[in-house]
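K.L.:
Return atomic coordinates for the entry below.
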Amino acid sequence: MVSYLIFLLVVGGIYALLAQSLCLAWGVTGLVNLGLAGFFAIGAYASATLTKWGGVPVPLGLVAALVAGAVAGFVVCVSTLRLRDDYLAIVTLGFAEAVRVIASNEIWLTGGTDGISGIPAGMPRDWGQRFHIISLVIVTILLGLVWLALRRLVASPWGRALRAVREDQIVAAVAGKRVTRLKAEAFAIACAIAALAGALYGHYTSYIAPEIFQPLITIYVFLAVTAGGNGRPTGAAIGAYILIAFLEATRFAAEIVPGVSAVQAAALREASVGIALILLLRFRQRGLFPELNQKAPA
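P.N.:
Next up, the predicted model:
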């Protein structure tokens, strides 16, 4: 039971990192990133291939994941700068699917649909519960560092400029803000965070495959950020933990409903998540932790 709870906390921390990524790109800058699962996958594969087949230490694999995510995010953002927000969302969604298809077909690099197993964790897995505890500490520390960095960035003049871009790009440009540069910087940093989350997931579970990186991950993270408060790193992180707790609670609740098949139970879980979000937004339209004014820290 204890190992299971620790596992949930580790997964919750990884989702909280994804939520930090979305908070910066969407909540602060106004860039709708529906390709979050794609950048999640890029980080996982970048670190896994380097550490398993290249013999690179795990810390350097995490750095490589950050760089790969930032470069991919920069390229995607720069190539879509002329598109409005709705079209950017479509492009990022297509990018995520392209990443998943490439991972499924480039067997020489990604293992194809069989995926990559035996990914190094940087410590022995036969440590049992101690392995999970150390993993939890590492994920929590990295999440705390990302949260602290975003909190300070959002409260800085750079963060206020991002919010100005989110509210009205034309007005921000007239005011002398470099809109293109700001959007590219924010999107690249956000994608780097998502890639870091993917690398941590791969090293913790020791296995990755294309089927893991489904668009449902992006949907879940959007739900978490919306519920927690899309303009605050604190709300995004707490929303992610709440989402994981709710998903696991509904898993057990669906199993005890009489006369329901496994497929119907899964459908009930998804429906319950939607109902809970509707009720939450009915009474807390800006989420549990609404965005503060620009002079206050997030």
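K.L.:
From now on I want contacts and neighbour counts done on CA atoms only, so please keep to that.
P.N.:
Fine.
K.L.:
all strands in the chain, in order from the N-terminus.
P.N.:
116-117, 207-208 (DSSP state E).
K.L.:
want to throw those into CSV with distance to R181?
P.N.:
Converted to CSV, the strands of the chain look like this (distance: least, Cα to Cα, whole Å):
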stretch, distance to R181
strand 116-117, 36
strand 207-208, 34
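K.L.:
can you tell which of these is closest to Q20?
P.N.:
Smallest distance to Q20 across the strands of the chain (Cα to Cα): 22.0 Å, for strand 207-208.
K.L.:
Tell me who's in contact with F39.
P.N.:
Counting by Cα atoms under 8 Å, 6 or more residues apart in numbering, F39 makes contact with G69, A72, G73, A96, C191, A192, A194, A195, G198.
K.L.:
how much space between the second one and A194?
P.N.:
Meaning A72. According to Cα to Cα, to the nearest Å, A72 stands 11 Å off from A194.
K.L.:
More neighbours: which of the two?
P.N.:
When A72 and A194 are compared for neighbours, A194 comes out ahead with 34 against 19, by other Cα atoms under 10 Å.
K.L.:
Distance of the more buried one relative to A16?
P.N.:
Distance from A194 to A16, counting by Cα to Cα: 10 Å.
K.L.:
By neighbours, which of the contacts of F39 wins?
P.N.:
Sorting the contacts of F39 by how many neighbours each has (other Cα under 10 Å) puts A195 first, at 38 neighbours.
K.L.:
just checking, L36 touches T218?
P.N.:
Yes - using Cα atoms under 8 Å, L36 is in contact with T218, at 5.5 Å.
K.L.:
more crowded one of the two?
P.N.:
Neighbours were tallied for L36 and for T218 using other Cα under 10 Å; the higher tally belongs to L36 (30 against 24).
K.L.:
Angles on the backbone of G128, please.
P.N.:
Main-chain torsions, G128, degrees, to the nearest 10: phi 70, psi -130.
K.L.:
For the stretch 151-298 of the chain, which residues score under the pLDDT cut-off?
P.N.:
For the stretch 151-298 of the chain, the stretches flagged by pLDDT under 70 are 254-255, 293-298.
K.L.:
can you map out the helices along it?
P.N.:
With DSSP state H, counting those that start in this stretch as the criterion, the stretch 151-298 of the chain has helices at 157-167, 169-174, 179-205, 215-228, 233-255, 262-283.
K.L.:
Neighbours of E291, how many?
P.N.:
21.
K.L.:
contacting residues for it?
P.N.:
Shown in contact with E291 (Cα under 8 Å, 6+ apart): G229, N230, G231, R232, A298.
K.L.:
Pull out the buried residues from stretch 121-129.
P.N.:
A121 (16 or more other Cα atoms under 10 Å).
K.L.:
Give me the contact list for it.
P.N.:
Residues from elsewhere that reach stretch 121-129 (Cα under 8 Å, 6+ apart): S3, P57, V58, F131, H203, Y204, S206.
K.L.:
Show me which pair in the residues you listed is furthest apart.
P.N.:
S3 and P57 (26.1 Å).
K.L.:
Quick check: nearest residue in space to A46, chain neighbours excluded?
P.N.:
A65 (5.4 Å; Cα to Cα, 6 or more residues apart in numbering).
K.L.:
Look up how far L153 lies from the one you found.
P.N.:
22 Å.
K.L.:
residue contacts, the most centrally placed residue in the chain?
P.N.:
For the chain, the residue nearest the mean C-alpha position is L18 (1.7 Å; Cα atoms, centre = their mean). Residues in contact with L18, defined by Cα under 8 Å, 6+ apart, are L36, F40, I193, A194, A197, V221.
K.L.:
which residues does the closest residue to Q214 other than its chain neighbours contact?
P.N.:
Ranked by Cα to Cα, 6+ apart and with sequence neighbours excluded, the top spatial neighbour of Q214 is A37, at 6.5 Å. Counting by Cα under 8 Å, 6+ apart, A37 touches A96, F213, Q214, P215, I217, T218.
K.L.:
go on, S3?
P.N.:
Listed by Cα under 8 Å, 6+ apart, the contact set of S3 reads Q129, H132.
K.L.:
pLDDT value on it, please?
P.N.:
S3 carries a pLDDT value of 85.
K.L.:
Distance-wise, check it relative to Q129.
P.N.:
Distance, S3 to Q129, by Cα to Cα: 6 Å.
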